[in-house]
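S.K.: My questions are about this predicted structure, shown below with the sequence.
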Amino acid sequence: MTETNENTKTSAKEKTQVIDEAHFFHPLQSSDEKETVASVDETEKQLKELMQGINEETSQLSEFLTEENKLVSELCLSLKQILKKLEVAINIPPQNIQLQEKVKKVILNEKGELVLIPEQGEKNSAFLAEYPPEVVMSVLWVIMPELAKAIKMYKRKLGARVNFFIGLKKELQKITKAIVKEEENTKPNGEQLTEAQTQR
């Protein structure tokens, strides 16, 4: 009976010890496990830094896209006004433009529209700003020298017109002076006597 009590006590002690050990159990980590945890922490840190970098780049990219769209629109509008004033359309070699479809002729007309004439089918046109920025850039690159020539020709034409007006103005001023002088000669105090006055 005593032996049974002792066994029961021993068993109770062992249970208490097991419970205590379970409550304060801290598994030991091997060096491999520590390295794995450190590696995971480092990877997470690098991933976090990478995501922050991507977010910053995306934000800047969004700003650039907005700015590009605005600039393209403003450039094309200015170009439209210039072409309209000059009354010129410019032929563009199709091979110089980055287009998806094959075309035999490309024209930038006086309305600022890019007209595409395909090898087969009907021509289509749209305002230059409606095309992708790459197309707009390649068009501008090609037409700028032609635009410079058109402006030079317009200046020459305008200069000839201005010279004509200057010459005509001088001649009209001479005629005006002659008429005014004639009128002054016919006024009282130096006005010429009429036939009736002479007979008196």
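M.R.: Arrived safely, thanks for sending. Numbering: from 1, shown residues only.

S.K.: can you map out the strands along this structure?
M.R.: All strands of the chain, identified by DSSP state E, fall at 90-92, 103-108, 113-118, 124-127.

S.K.: Including mean neighbour count, distance to Leu50 and mean pLDDT, could those go into CSV?
M.R.: Glycine gets a C-beta too; all of them are placed from N, C-alpha and C. Compiled in CSV, these are given as follows (neighbours: other C-beta atoms under 10 Å; distance: least, C-beta to C-beta, whole Å; pLDDT from 0 to 100):
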stretch, mean neighbour count, distance to Leu50, mean pLDDT
strand 90-92, 18, 43, 94
strand 103-108, 18, 44, 92
strand 113-118, 19, 41, 93
strand 124-127, 13, 40, 93
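
S.K.: And these: which comes nearest Ile166?
M.R.: Taking C-beta to C-beta, strand 90-92 is the member of the strands of the chain nearest to Ile166, at 31.9 Å.

S.K.: Distance to Glu49 for the strands of the chain - can I get that in JSON lines?
M.R.: Shown next, in JSON lines, are the strands of the chain (distance: least, C-beta to C-beta, whole Å):
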{"stretch": "strand 90-92", "distance to Glu49": "47"}
{"stretch": "strand 103-108", "distance to Glu49": "47"}
{"stretch": "strand 113-118", "distance to Glu49": "45"}
{"stretch": "strand 124-127", "distance to Glu49": "44"}
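
S.K.: Low-confidence stretches in this protein?
M.R.: In the predicted model of the chain, residues 1-35, 37, 187-200 satisfy pLDDT under 70.

S.K.: All the helices of it, in order from the start?
M.R.: Along the chain, the segments classed as helices by DSSP state H run 2-23, 31-86, 133-185, 195-199.

S.K.: okay, the angle between the longest one and strand 113-118?
M.R.: Going back to what we said before, that points to helix 31-86. Angle of helix 31-86 versus strand 113-118, following axes from the mean of the first three to the mean of the last three C-alpha atoms, to 10 degrees, is 100 degrees.

S.K.: what's the offset of helix 31-86 from the middle of its chain?
M.R.: 17 Å (C-alpha atoms, centre = their mean, to the nearest Å).

S.K.: Now do that helix and helix 133-185, the angle between them.
M.R.: 30 degrees.

S.K.: picking that back up, ok, which of the strands of the chain comes nearest Leu168?
M.R.: In terms of C-beta to C-beta, the element of the strands of the chain nearest to Leu168 is strand 90-92, at 33.8 Å.
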